[in-house]
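Chemist: quick one, structure for this:
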Amino acid sequence: PYKFLKSIISLIKSHLFQKKMIKEFNKIDYRFTHSKDYVNDLIKYGAISCDHIIPPIHDVKKNFLEKVKDTEENRSYYKILIVGLMSSVNLSQLDILRKYVFPTIENNVSNKKIQFHFIGIAYDNLPDDFKEKDYVIARGYVEDIYTELNNCDLLFSVTPRPFGFRVRLAEALSIGTCILTTKFDQVSLPFLKDNHNCYIIDDIKNTGRKILEIIESKEKNIYIKQNAREAYVKNLSYETAGKKYESLFLKN
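Modeler: Now for the predicted structure:
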């Protein structure tokens, strides 16, 4: 009887906790990614709406096909995107920008002809010396990262050491974004090839000069973007990577 009573009390506590969790969940008004099973469980326990929960995207073919045409015609400046909060990755990128990119850019490009857009960080959280530059834009939270990747000319993802598999690079490749990265990301993405499906820097000190070259390589950038999408399809799409994972799980 004691064990049965204890189990009933635990069940009641669990039910009350679920109700409290759902009550708090119903107040959420921003989007995030989670599995379909999670969504089904939330609805089962009383969630009002789960429209803001986005299922994991294995292939964004639709995004690629509906890609906004490059905005060089409609935009008067070259747009470079930097994605992420102030993680260790981004902190290292700030140092690279400060030392090797901004001085080169300022000596060779009009401030009105280029912009660096930081996604995931508010203006107040930028370093003071970044706030002083009128070509640095802090965007903070954005509703749809794929729209941002579609509308940029270059994704800046330059890091001085390995940081493991970079999800942002996979997302960018999936919609054919032009990427500037380093040899370190070839460790987890060995199919990345310089001047074929992305741009790769061997020496961090040459980052600024490399960006100037990319800005002038309009026709080549189109070729890079097409190959970026092809690299994703051949290496990371559900039809390839997904089925490989399925076969491994089924074996076990």
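Chemist: residues contacting stretch 223-237, please?
Modeler: 58-59, 64, 170, 172-179, 189, 191-192, 195-199, 239-241 (CB atoms under 8 Å, 6 or more residues apart in numbering). In short, each C-beta sits where N, CA and C put it, glycine included.
Chemist: do the same with stretch 181-191
Modeler: 157-166, 169-170, 192, 197-202, 204, 231, 234-235.
Chemist: go with 10 Å
Modeler: 96, 155-166, 169-170, 172-173, 179, 192-194, 197-204, 207, 230-232, 234-236 (CB atoms under 10 Å, 6 or more residues apart in numbering).
Chemist: of the contacts of stretch 223-237, just the buried ones, PyMOL syntax please.
Modeler: Here is the PyMOL command that selects only those of those that count as buried (16 or more other CB atoms under 10 Å):
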select buried, resi 59+64+170+172+173+174+175+176+177+178+179+189+192+197+198+199+241
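Chemist: sketch out the helices for the chain, chain order is fine.
Modeler: In the chain, the helices defined using DSSP state H lie at 2-25, 36-44, 61-65, 88-96, 102-108, 128-131, 145-151, 167-174, 207-215, 218-235, 243-251.
Chemist: and those, which one's lowest on average pLDDT?
Modeler: With a mean of 48, helix 61-65 has the lowest mean pLDDT of the helices of the chain.
Chemist: with just CA atoms, put stretch 177-188 into PDB.
Modeler: What follows is stretch 177-188, C-alpha atoms only, in PDB (Å, rounded to 0.1, in the frame of the first residue of the first chain):
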ATOM      1  CA  THR A 177      25.600  30.700 -50.200                       C
ATOM      2  CA  CYS A 178      29.100  32.000 -51.000                       C
ATOM      3  CA  ILE A 179      31.300  31.100 -48.000                       C
ATOM      4  CA  LEU A 180      34.600  32.300 -46.800                       C
ATOM      5  CA  THR A 181      36.200  29.900 -44.300                       C
ATOM      6  CA  THR A 182      39.500  28.300 -43.400                       C
ATOM      7  CA  LYS A 183      41.300  25.000 -43.800                       C
ATOM      8  CA  PHE A 184      40.200  24.000 -40.300                       C
ATOM      9  CA  ASP A 185      36.600  23.500 -41.400                       C
ATOM     10  CA  GLN A 186      37.800  20.900 -44.000                       C
ATOM     11  CA  VAL A 187      38.400  18.600 -41.000                       C
ATOM     12  CA  SER A 188      34.600  18.100 -40.500                       C
END
